[in-house]
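Novice: everything below, folded, please.
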Amino acid sequence: MGVAPYADEAYYVGFRVGDQELGLDPNGHSQGMTGPVGYWEVDDIEETLALVLGVGAEEQQPIIDVGGGKLIASVKDADGNITGLMQSP
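Specialist: This is a model prediction of the structure:
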């Protein structure tokens with residue numbers, strides 16, 4: 001992409017290209033990640049998580065603060081696809 005990471009830590013490597021963010025988790029396999037996870041930016045992660053769980057998704061990762069107030073969670077659909085949710089501070 002031709003850009004240096006803005007964050008380069010043992011737990012996360014983050015790149016920004018325009019208004020898009022690409023984040024790499026060097027420890028993803030230990031958390032059950034087997035491939036890329038797309039994260040949808042939401043206004044209220046608790047409300048959105050409850051909504052998708054209510055229509056049949058399975059919680060893959062509970063809501064966690066990954067630093068600076070940014071919250072993430074992920075869910076698995078009936079076909080096994082994982083989708084992430086992200087709420088910025």
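
Novice: alpha carbons only for contacts and neighbour counts from here, please
Specialist: Fine.

Novice: the longest strand seen in the chain pairs with which strands, parallel or anti?
Specialist: Counting by DSSP state E, the longest strand found in the chain is strand 58-65. Sheet partners assigned to strand 58-65 using DSSP bridges are listed as strand 71-76 (antiparallel).

Novice: return the angle between stretch directions for whichever helix or strand comes after the partner strand and strand 71-76.
Specialist: Using DSSP states H and E, the next helix or strand after strand 71-76 towards the C-terminus is strand 82-87. Here strand 82-87 runs at an angle of 160 degrees relative to strand 71-76 (axes from the mean of the first three to the mean of the last three Cα atoms, to 10 degrees).

Novice: pull the residues that contact strand 82-87.
Specialist: Residues from elsewhere that reach strand 82-87, judged by Cα atoms under 8 Å, 6 or more residues apart in numbering: 37-45, 49, 60, 70-76.

Novice: for it, give the mean pLDDT please.
Specialist: Mean per-residue pLDDT for strand 82-87: 91.
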